[in-house]
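Colleague: Kindly return the folded structure for what I paste below:
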Amino acid sequence: MSSPVFEAMLCGPLAEGDVLTLPEDPPEAFEWLLDHLYKNKTKLPDVELAMQVYQLANKYQLDKLCQICSEILATESDLVLRSERLGILRPHNLARLLANDRLAASSESLVFRALLAWGRAKLDDSPAGRAEGSKTSDMQEQGPRPKKQAKRCPPSGQPVGSQSESQESNALRNVVKEFLPSIRFLTMSTDEFVKHVLPSRVLTSDEAMAVLMNIKNIPDVNSLPNIVFLYIQAEAGKFHS
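Modeller: Just a heads-up that it's a prediction; the model follows:
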């Protein structure tokens, strides 16, 4: 009655019986979810469990429970953003969390670092990421590779670094790019931006330079990269509505 997904799994045309086997669901989180459905339980004891329940609520289309979890996670912003389990969130769950008006992180650089951690977790979980991890392990067993000669710097608009570093940063950018407009880069200090954003190389050199110049309020710099402009547009639309 509460979940259209459970209804389909138990009573739909593709139902396989009265017993469901759900090996991927964390037992403690699933037990809490059942207590919520049958006993109207709403108080989650900690952030880690809230994140797991959030995943299940989304999986089984429990919109009210998604909202409860989202509110809890937003009020515990720093704990959530530093949690090693942040990577379990699906993209739309992360988007909902970042868009929550009650998200009050101690710094925007923390939000950015959390986004990078989420992106790296998703890369590690991908088939390509697992294959690369296996390749790295094999290389470590074989010993270090001989050093290569330095290559020319990449053209403007591309991340700076070795070829492998550029590939890694490009892969990470592809995973997190849809969330970059949620990061309020212009609220960062120059030191924060240089310390936490530039080394990640998820921004192109042109984007990074444009953001940094706007943070510094350099005169006659009016152009903003899309990652910032889209955020300003979204905030303006929210205010207008």
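
Colleague: And the protein, split by domain according to the record?
Modeller: If you go by automatic domain parsing, the domain ranges for the chain are 1-106, 107-126+157-241.

Colleague: Make a markdown table from these and add mean neighbour count and mean pLDDT to it.
Modeller: The C-beta positions use only the backbone N, C-alpha and C, and glycine is treated the same way. Putting these into a markdown table (neighbours: other CB atoms under 10 Å; pLDDT from 0 to 100) gives the following:
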| stretch | mean neighbour count | mean pLDDT |
| --- | --- | --- |
| domain 1-106 | 15 | 90 |
| domain 107-126+157-241 | 16 | 81 |
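
Colleague: any residues touching the longest helix belonging to the chain, and which ones?
Modeller: As assigned by DSSP state H, the longest helix anywhere in the chain is helix 108-125. With CB atoms under 8 Å, 6 or more residues apart in numbering as the test, helix 108-125 has contacts from 78, 80-82, 86-89, 94, 98, 103, 105, 129-130, 133, 171-172, 175-176, 179-180, 182-185, 187-188, 192-193, 195-197, 200, 202.

Colleague: go with 6 Å
Modeller: 81, 86-87, 105, 129, 171-172, 175-176, 179, 183-184, 187-188, 192, 196, 200 (CB atoms under 6 Å, 6 or more residues apart in numbering).

Colleague: Then stretch 70-82?
Modeller: The contact list for stretch 70-82, computed with CB under 6 Å, 6+ apart, reads 44, 47, 50, 96-97, 100, 102-106, 110, 114.

Colleague: Including secondary structure and distance to residue 63, could these go into JSON lines?
Modeller: Output for the contacts of stretch 70-82, formatted as JSON lines (DSSP: H, G, I helix; E, B strand; the rest coil; distance: CB to CB, whole Å):
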{"residue": "44", "secondary structure": "coil", "distance to residue 63": "17"}
{"residue": "47", "secondary structure": "helix", "distance to residue 63": "21"}
{"residue": "50", "secondary structure": "helix", "distance to residue 63": "16"}
{"residue": "96", "secondary structure": "helix", "distance to residue 63": "11"}
{"residue": "97", "secondary structure": "helix", "distance to residue 63": "15"}
{"residue": "100", "secondary structure": "coil", "distance to residue 63": "15"}
{"residue": "102", "secondary structure": "coil", "distance to residue 63": "18"}
{"residue": "103", "secondary structure": "coil", "distance to residue 63": "19"}
{"residue": "104", "secondary structure": "coil", "distance to residue 63": "24"}
{"residue": "105", "secondary structure": "coil", "distance to residue 63": "25"}
{"residue": "106", "secondary structure": "coil", "distance to residue 63": "30"}
{"residue": "110", "secondary structure": "helix", "distance to residue 63": "28"}
{"residue": "114", "secondary structure": "helix", "distance to residue 63": "25"}
